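Student: Just a sequence and a predicted model for now, questions to come.
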Amino acid sequence: MFNYKDIAGKNVMVVGLGRTGVSLSKFLVKQGANVTISDHKSKAELLNYLEKMDGVNVNYDLGGHTPKLFLQQDLIILSPGVSPQMKIFDYARSRGVKITGEFEFAAAWIEAPIIAVTGTNGKTTCCALIAEFFKASDIRCWVGGNYGNPLSDYLIKEDKEGVVVAEVSSFQLEHCEQFKPKNIVFTNLAENHLDRYKSMEDYVNAKRKIFLNTDQTITSVLNADDNAVVELARDPSVQRGRIFYFSRKPSLEPQIMNIGGAVLIKDEMRVRRGPEIEYFSVKNTKMKGAHSYENIMAAVIVTLEHGAKHEAIQRVIDNYTGIAHRLEYVRRVGGVEFFNDSKATNVHAVMRALDAFDDNVILIMGGKDTNLNYEPLRDRIKRKCKTLILVGEAKERINRDVGDYSETFLIGTFEEAVHIAYQKSRIGDLVLLSPGCSSFDVFENYIERGNYFKELVNSFN
């Protein structure tokens with residue numbers, strides 16, 4: 001097993017400069033490694049990041065990847081988003097070079113307990129809720145990983161928080177062999193990233209790696225209402241640890257209260273982790289969508305495990321409004337409400353967004369084509385959407401799958417799509433941006449897409 005902490009004097013390559021590459025490289029240099037940064041982008045394209053590396057003693061391999069440099073390394077660390085399937089990596093592996101991901105490497109250096117949150121949807125909201133529960137309870141935590149700051153940022157901090165809350169994507173888990181969090185939260189599991197994975201099975205196998213090193217010291221918090229997660233929980237590696245379940249189904253109360261977890265009964269959430277049952281009210285929560293209760297339950301269970309206070313948790317449940325770009329209320333214009341759900345980058349997320357509304361939805365979808373099947377949306381679109389506005393690289397695929405179930409328009413640009421959605425709206429309608437696709441065909445990320453949507457909506461008179 002490779003010792004990630006034994007890097008002093010070793011040749012270490014970071015592939016992908018970016019934000020993560022900057023933090024990671026600075027940490028590696030501080031630990032005495034001989035660092036080379038390799039990126040297919042040119043010096044001009046990376047100028048902003050190179051300025052942040054000023055004064056840091058590293059070598060550069062920019063504008064492409066030089067094979068002979070890869071063979072000179074003891075360890076190669078890939079930034080998030082860099083596919084491990086590139087031929088240059090197979091070439092290096094075949095000659096005995098160790099290759100891992102930034103998340104796996106950074107986690108090996110973290111001594112604080114790590115709460116690892118994964119799943120297809122809800123990860124970011126769950127992490128944000130965990131952080132809010134801790135903050136209200138005066139427990140210092142650091143949040144990052146796939147959400148917010150890269151894990152390497154925590155490594156270069158002087159004043160380190162006592163608990164790390166890490167959102168973990170399937171891309172990050174692909175490299176994991178030694179990762180061992182204190183807690184695992186698994187929100188749900190649905191089709192996603194089929195432009196990266198050959199099949200749903202490959203995607204599930206990547207997610208499954210979060211349980212690789214499970215033992216009795218690890219507590220997993222799992223969604224009892226998601227059949228794919230329940231099936232995953234039967235894996236022997238999961239069963240090695242302690243398991244809590246959460247559910248929105250009152251019928252599961254006897255079972256869950258027996259084994260431990262949380263269940264929703266009307267407006268009351270019941271949580272049991274030991275002999276006693278704790279009660280929380282969700283009557284006043286301001287978060288939209290029934291799936292929000294799942295995120296709340298998961299966050300409550302795991303933060304109680306770390307000493308969060310009941311009163312503080314209840315206060316957050318009553319007042320927290322949710323994260324930006326996730327069913328975010330933008331404004332009301334001429335009797336029409338606008339919601340920004342730019343973070344909905346897959347079919348499952350769009351289904352959850354539509355479940356938060358009754359009808360009269362004008363839905364804007366589209367973005368990068370990632371080979372997803374949009375047919376599961378048919379019934380919801382037929383029942384709830386009066387108009388479907390499609391844009392981006394994936395608009396033809398979406399139209400083939402669901403275009404016959406609503407009045408549908410295929411639009412050339414994102415700006416035109418938002419304007420036409422407004423033109424088609426009437427008093428009592430709502431316009432929902434819930435793309436069901438990643439943003440990388442036009443935008444840098446879902447944040448840029450969501451912010452542009454809000455900018456356009458706020459310009460309406």
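Tutor: Alright, I've got the coordinates.
Student: Contact partners for G366?
Tutor: Shown in contact with G366 (C-beta atoms under 8 Å, 6 or more residues apart in numbering): 390-395, 398, 417, 435-437. Glycine gets a C-beta too; all of them are placed from N, C-alpha and C.
Student: do T66 as well
Tutor: Here T66 is in contact with S38 (C-beta under 8 Å, 6+ apart).
Student: again, only this time at 10 Å
Tutor: Shown in contact with T66 (C-beta atoms under 10 Å, 6 or more residues apart in numbering): 36, 38, 72, 88.
Student: would you turn the residues you listed into CSV with distance to I323?
Tutor: Listed next are the contacts of T66 as CSV, based on distance: C-beta to C-beta, whole Å:
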residue, distance to I323
T36, 37
S38, 34
Q72, 43
I88, 37
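Student: In helices, which of those residues appear?
Tutor: Among these, the members falling in helices (DSSP state H) are I88.
Student: Tell me the buried residues within the contacts of T66.
Tutor: 36, 38, 88 (16 or more other C-beta atoms under 10 Å).
Student: ok, now how distant is the last one from F453?
Tutor: When you say that, I think you mean I88. Between I88 and F453 the computed distance is 38 Å (C-beta to C-beta, to the nearest Å).
Student: now stretch 143-153: how far from the chain's centre is it?
Tutor: Chain-centre distance of stretch 143-153: 11 Å, with C-alpha atoms, centre = their mean, to the nearest Å.
Student: Next, the distance between the ends of it.
Tutor: 10 Å (C-alpha to C-alpha, to the nearest Å).
Student: so who does the most centrally placed residue in the chain touch?
Tutor: Taking C-alpha atoms, centre = their mean, the centroid of the chain lies closest to K123, which sits 4.7 Å from it. Shown in contact with K123 (C-beta under 10 Å, 6+ apart): 116-117, 145-147, 166-169, 185-188, 295, 343.
Student: Show me how the chain divides into domains.
Tutor: Using automatic domain parsing, the domain parsing of the chain gives 11-101, 110-319, 328-458.
Student: Need those in a markdown table (columns: distance to Y4 and mean pLDDT).
Tutor: Below are these laid out as a markdown table (distance: least, C-beta to C-beta, whole Å; pLDDT from 0 to 100):
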| stretch | distance to Y4 | mean pLDDT |
| --- | --- | --- |
| domain 11-101 | 7 | 95 |
| domain 110-319 | 8 | 94 |
| domain 328-458 | 28 | 96 |
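Student: need these in CSV with distance to F2, can you?
Tutor: Below are those laid out as CSV (distance: least, C-beta to C-beta, whole Å):
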stretch, distance to F2
domain 11-101, 5
domain 110-319, 8
domain 328-458, 32
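Student: if we can go back for a sec, would you point out the most distant pair within the contacts of K123?
Tutor: For the contacts of K123, the farthest-apart pair by C-beta to C-beta is A116 and K343; their separation is 19.5 Å.
Student: Give me the more crowded residue out of those two.
Tutor: Taking neighbours as other C-beta atoms under 10 Å, A116 and K343 compare with A116 leading, 29 against 25.
Student: and the helix or strand harbouring the more buried one, which strands flank it?
Tutor: For A116, the element it lies in under DSSP states H and E is strand 114-118. If you go by DSSP bridges, strand 114-118 pairs up with strand 163-167 (parallel), strand 183-186 (parallel).
Student: Next SSE downstream of that strand?
Tutor: Next element after strand 114-118 (DSSP H and E): helix 123-136.
Student: Distance from the chain centre to that following helix, please.
Tutor: Put simply, helix 123-136 sits 13 Å off its chain's centre (C-alpha atoms, centre = their mean).
Student: about what we covered before: may I ask which of the contacts of K123 has the most neighbours?
Tutor: Ranking the contacts of K123 using other C-beta under 10 Å puts V117 first, with 33 neighbours.
Student: any idea how far R270 is from A262?
Tutor: 7 Å.
Student: which neighbours do the two share?
Tutor: 253, 256, 277-278, 280, 297.
Student: Quick one: the strands in the stretch 151-300 of the chain, in order.
Tutor: 163-167, 183-186, 219-223, 242-247, 261-265, 268-272, 277-281 (DSSP state E, counting those that start in this stretch).
Student: so how far is the second one off the chain centroid?
Tutor: Centre-to-centre, strand 183-186 and its host chain are 13 Å apart (C-alpha atoms, centre = their mean).
Student: Likewise for stretch 400-414?
Tutor: Using C-alpha atoms, centre = their mean, the offset of stretch 400-414 from its chain centre is 27 Å.
Student: So which bits of it are buried?
Tutor: 401-403, 405-406, 408-411, 414.
Student: Neighbours of the closest residue to A233 other than its chain neighbours, how many?
Tutor: Setting aside the residues directly before and after it, A233 is nearest to L222 in space (C-beta to C-beta, 6 or more residues apart in numbering), at 5.4 Å. By the measure other C-beta under 10 Å, the count of residues near L222 is 24.
Student: Ok, G55 next?
Tutor: 6.
Student: same thing with N213?
Tutor: 17.
Student: my guess is it meets A116, correct?
Tutor: No - counting by C-beta atoms under 10 Å, N213 sits too far from A116 to count as a contact (11.1 Å).
Student: Now the common contact residues for the two.
Tutor: 176, 179-181.
Student: Need the buried ones from those selected in ChimeraX.
Tutor: Buried members of those, defined by 16+ other C-beta under 10 Å, are picked up in ChimeraX with:
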select :176,179,180,181
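Student: can you give me the helices in the stretch 51-200 of the chain?
Tutor: With helices called from DSSP state H, counting those that start in this stretch, the stretch 51-200 of the chain shows them at 67-71, 87-94, 102-109, 123-136, 151-155, 170-173, 200-208.
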